[in-house]
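K.L.:
Sequence plus predicted model, see below.
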Amino acid sequence: MKPFSPPVERFIQDLPKVELHVHLEGSMSPPVFLRLVEKHGIPGLPRTPEEVAAHYEFRDFARFIEVYVASVRVLRDEEDFALLTVDAAQRLAAQNVRYAEVHISLYNHLSRGIPAAVVFAGVEHGRREAERRHGIRLRWIPDFPGDYGAEAGEQTLDAVLADGPPSVVGFGVGGVEVDRAPFREVYDRARAAGLHSLPHAGETGGPQNVWTALTLLGAERIGHGIGSMADPRLVDHLGSERIPLDVAPTSNVRTRAVADIAEHPLPRMLEAGLVVTLNSDDPPMFGTDLVNEYRTAYALGLDLPDLALLARNGVAASYLDAAAKRELAAQVDAVLAAARRG
């Protein structure tokens, strides 16, 4: 892999960024996690930074889901959700992330008896505070774990339609990757209500789940989508239709979706002409952040124009307004032009 140099590091830091695939609960830093464990006196969870680090060691995707669900338990009230939102947004803003569309694992809270109104009140308080303090703009993608079945999706959507604020832009499905076909009806309802279809697919599953997400769920972007590379016809379709794929390399390695970072298909995806965006997914859990994902992309063989392309793809694939997109894309181009001038 390519070594770094100070100009490359400076370029990555200066690059205006958009994050389109990051989970709020998966953005919980160890200090916030430990603060909430202590606040609520929750037994059976780590109590020290060392125990948190061990807690975040993943053998496979199933272990990651187990840890993720356990970690969600520390979020109990509006104040907790606001704290998490402000902390996550501050760390994004420090990486020059200007805008983020953040997944919220809403069903995991509903199933614990926490009303959607509490979740949304907390994250909205945090969003407004983060925008005031740091200038970063946040929007929400409530989701449900697909392995809990279509009823979980229906309950999640009902809660979003009843209590979701205008800052909700889309509807997602994640969790253990199962067949997406059973979710057709709930996605029909979500789209009819004006929500964008933003499912995970092709992360640990194969290309068929991506096809299903596109044809039955009306997916506008695909979360992960790395399994698409096994189907040349799907690759051609994704490229010709300019359907964005929100890719998170470190996440794929940590969950064992990809055996080794050197084997990650990101370079091949760009070579195939796919619209790829770069993302951190669950950054503290995976020991990464968005800046590190750009470093990883460079180490995989991408050059500075490639990194700028990833940043522009993120802007284009977002649900920012047209004027904001033009402004951010121009800033990306200006950073690349400055780097070329040396």
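P.N.:
Sure thing, it's come through. Numbers count the residues shown, from 1 in each chain.

K.L.:
Can you tell me which helices and strands the worst-scoring helix or strand of the chain on mean pLDDT packs against?
P.N.:
Of all helical and strand segments in the chain, the minimum by mean pLDDT, DSSP states H and E falls on helix 61-72, at a mean of 82. Packing partners of helix 61-72 (3 or more C-beta pairs under 8 Å, 6 or more residues apart in numbering; DSSP states H and E): helix 49-55, helix 106-110, helix 283-286. For the C-beta atoms, the positions are set from N, CA and C on the backbone; glycine is no exception.

K.L.:
Residue 15: what's it in contact with?
P.N.:
96, 294, 307-308, 311, 332, 335 (C-beta atoms under 8 Å, 6 or more residues apart in numbering).

K.L.:
residues contacting residue 300?
P.N.:
Counting by C-beta under 8 Å, 6+ apart, residue 300 makes contact with 1, 249, 261-262, 264, 266-267.

K.L.:
Could I get the phi/psi values of it?
P.N.:
phi -80, psi 0 (degrees, to the nearest 10).

K.L.:
can you check residue 220 too?
P.N.:
Per degrees, to the nearest 10, the backbone of residue 220 is at phi -90, psi -30.

K.L.:
Quick check: buried residues in stretch 266-276?
P.N.:
Residues of stretch 266-276 classed as buried by neighbour count (16 or more other C-beta atoms under 10 Å): 266, 269-270, 272, 274-276.

K.L.:
With residue 173 as the reference, measure out to residue 95.
P.N.:
Separation of residue 95 from residue 173 (C-beta to C-beta, to the nearest Å): 27 Å.

K.L.:
sorry, back to before: in a markdown table, list the contacts of residue 300 along with pLDDT.
P.N.:
Converted to a markdown table, the contacts of residue 300 look like this (pLDDT from 0 to 100):
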| residue | pLDDT |
| --- | --- |
| 1 | 57 |
| 249 | 98 |
| 261 | 97 |
| 262 | 96 |
| 264 | 98 |
| 266 | 98 |
| 267 | 98 |
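
K.L.:
JSON lines for the residues you listed, including distance to residue 316?
P.N.:
Below are the contacts of residue 300 laid out as JSON lines (distance: C-beta to C-beta, whole Å):
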{"residue": "1", "distance to residue 316": "28"}
{"residue": "249", "distance to residue 316": "20"}
{"residue": "261", "distance to residue 316": "26"}
{"residue": "262", "distance to residue 316": "28"}
{"residue": "264", "distance to residue 316": "22"}
{"residue": "266", "distance to residue 316": "18"}
{"residue": "267", "distance to residue 316": "20"}
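
K.L.:
Next, format the helices and strands packed on helix 61-72 as CSV and append mean pLDDT, distance to residue 223 and mean neighbour count.
P.N.:
What follows is these, written out as CSV (pLDDT from 0 to 100; distance: least, C-beta to C-beta, whole Å; neighbours: other C-beta atoms under 10 Å):
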stretch, mean pLDDT, distance to residue 223, mean neighbour count
helix 49-55, 87, 24, 14
helix 106-110, 97, 16, 24
helix 283-286, 92, 15, 25
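
K.L.:
Name the nearest of the contacts of residue 300 relative to residue 85.
P.N.:
Using C-beta to C-beta, residue 249 comes nearest to residue 85 of the contacts of residue 300, at 25.3 Å.
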